[in-house]
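*Asks:* here's a sequence, model it:
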Amino acid sequence: MTNRSHRRRHPAQLVILGFAAVVTLGTLLLTLPAANVTAGGTTVVDALFTAVSALCLTGLVVVDTAGNWSGFGHGVILVLIQLGGIGILTFATLLVMLVSHRIGLRTRLTTAAETKTLGLGDVRSVVIGVVKVSLLLESMTAAVLIPRFALAYDMEWSRATWLGVFHSVSAFNNAGFALWPDSLTRFVGDPWVCLPVAFASIAGGLGFPVLFELRRRFTKPGGWSMHTKIVLWASGAFLLGGAVFVTALEWGNPATLGPLPVQEKLLAGFFQGTMPRSAGFNSLDLAAMNSATWLGIDVLMFVGGASAGTAGGIKVTTFAVLLFVIYAEVRGESAVNIFGRRLHGDVQRQALTVVLLSVAAVVTSTVAFMVSTAFTLDQALFEVISAFCTVGLSTGITAELPDPHKVLLTVLMFVGRLGPVTIASALALRRRVRLYELPEERPLIG
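*Replies:* This next block holds a predicted model:
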């Protein structure tokens, strides 16, 4: 009885076990001869890395996705991406509503008067809604990419259809897998490829609670929940800031934006500025970028997208909450108020915990890279943040890593994708009643 109660209190454990089981199956499938083009096949470490990268929606690769895997292998990767997106999204969405008292323990959702978000009926309707929205947005993206590939690049319709479907699924789920060795650099000046991929990635990164609420109350922004307002405000700021930052710093770089016409520079700057929020595609050579650009991308990757979405990172909601906490403290206010609502104290502690644990994971792993490889701090930090925040961008060193470091990145991808969810659920779902309070005392800060 105790074990059953413990499982009920910590549902994220079941998700971790489920992800581990799917990773194991995916690894076995990718080691099969049918999944490989070369006769020698793929090592277990490389297959494991690829399976985790696909299921955790990262996009880092240690072998050429286009040249190493067969059609069957590409199909396995695509299924893992879709399972990773719908699976984690379904759980995260349900978790958000459970934490906010929007779903009962007997799988029934109720409407909370305070936040007034979603208002879905039960678990079944939530799951169906997630699947429907996923397939709808993926289909809309594919509907643009397929004719573009066929008509503008003289591909057979069967080939164009496969490429359109694969990249639309990869884009909406912020996975970053591409079926070209250079990702999307060959389409750097093509808005009919770059913009649909970017918009699909942005939509997936907003999270399903936000997408559901926008669908129901798009014309009534005054009635949007605090969560939706924070996500839209913070996402817009990071999207604009990221695009301006990358464009400005790489404008004259002869190896990236420099040789492009002005219109293509703006398109490439926008596209590459949106990708660090977890999408993982690149239309520019990241290895040729300035060190300052890498550092800015590190920040964008670390923050990531919204909660209960396909994006990774600590989430824009976490970052925004801490920003509002700082603002309230600087103003000397006794409570943190956001968009006309008071922020609950538990949320502040949860945000701080997620950030500090994430920083600890990134710093520890970066130090491990630095003491055991010859890569620079810029390269090691970029790779570690990209893995932990499930982004998939790389400075080009991933394939060169020895097996122990590939395993380290594999663990980071898995922990980065599921760790914050586990922490959030453990903190939010645990209720401990204290029968007494200790005497209050203040340490010196600063």
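*Asks:* quick one: secondary structure of the nearest residue to residue 186 once chain neighbours are set aside?
*Replies:* Of all residues not flanking residue 186 in the chain, residue 180 sits nearest, at 6.5 Å (Cβ to Cβ, 6 or more residues apart in numbering). C-beta here means a position set from N, CA and C on the backbone, and glycine is covered the same way. Following DSSP: H, G, I helix; E, B strand; the rest coil, residue 180 is assigned to coil.
*Asks:* thought residue 180 was touching residue 66?
*Replies:* Yes - contact criterion Cβ atoms under 8 Å: residue 180 and residue 66 qualify, at 5.7 Å.
*Asks:* what are the buried residues along the helix or strand hosting residue 160?
*Replies:* Using DSSP states H and E, residue 160 sits in helix 157-172. Within helix 157-172, the residues that count as buried by 16 or more other Cβ atoms under 10 Å are 160-172.
*Asks:* of all the residues you listed, which comes closest to residue 384?
*Replies:* Distance ranking of these against residue 384, using Cβ to Cβ, places residue 170 first at 22.4 Å.
*Asks:* gap between that closest one and residue 190?
*Replies:* 17 Å (Cβ to Cβ, to the nearest Å).
*Asks:* could you do residue 375 as well?
*Replies:* From residue 375 to residue 190 the distance is 33 Å (Cβ to Cβ).
*Asks:* could you do residue 349 as well?
*Replies:* Distance, residue 349 to residue 190, by Cβ to Cβ: 46 Å.
*Asks:* so these two - more neighbours on which side?
*Replies:* Ranked by neighbour count (other Cβ atoms under 10 Å), residue 349 and residue 190 place residue 190 first, with 16 against 11.
*Asks:* and that one, what is it in contact with?
*Replies:* 148, 152 (Cβ atoms under 8 Å, 6 or more residues apart in numbering).
*Asks:* that one and residue 244: what is the separation?
*Replies:* From residue 190 to residue 244 the distance is 22 Å (Cβ to Cβ).
*Asks:* with residue 326 instead?
*Replies:* Counting by Cβ to Cβ - residue 326 and residue 244 are separated by 23 Å.
*Asks:* residue 443: how many residues sit nearby?
*Replies:* 4.
*Asks:* Provide the secondary structure category for it.
*Replies:* With three-state DSSP as the criterion, residue 443 reads coil.
*Asks:* list the contacts of stretch 334-346.
*Replies:* With Cβ under 8 Å, 6+ apart as the test, stretch 334-346 has contacts from 226, 229, 230, 320, 321, 324, 325, 328, 348, 427, 428.
*Asks:* one more time with 7 Å
*Replies:* Contacts to stretch 334-346, defined as Cβ atoms under 7 Å, 6 or more residues apart in numbering, come from residues 226, 229, 230, 321, 324, 325, 328, 348.
*Asks:* assumed the fourth one was part of a strand.
*Replies:* No - assignment of residue 321 by three-state DSSP gives helix, placing it outside any strand.
*Asks:* any figure for the gap between it and residue 205?
*Replies:* Taking Cβ to Cβ, one finds residue 321 at 17 Å from residue 205.
*Asks:* just the fifth one next, same as before
*Replies:* Residue 324 sits 21 Å away from residue 205 when distances are taken as Cβ to Cβ.
*Asks:* and the two? which has more neighbours close in?
*Replies:* residue 205 (29 against 18).
*Asks:* show me the strands in the chain, by range?
*Replies:* Shown for the chain, the strands assigned by DSSP state E span residues 337-338, 341-342.
*Asks:* for the ones you listed, give me JSON lines that also has mean neighbour count.
*Replies:* Converted to JSON lines, the strands of the chain look like this (neighbours: other Cβ atoms under 10 Å):
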{"stretch": "strand 337-338", "mean neighbour count": "16"}
{"stretch": "strand 341-342", "mean neighbour count": "12"}
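*Asks:* nearest to residue 399, of those strands?
*Replies:* Residue 399 sits nearest to strand 337-338 of all those, at 43.6 Å, using Cβ to Cβ.
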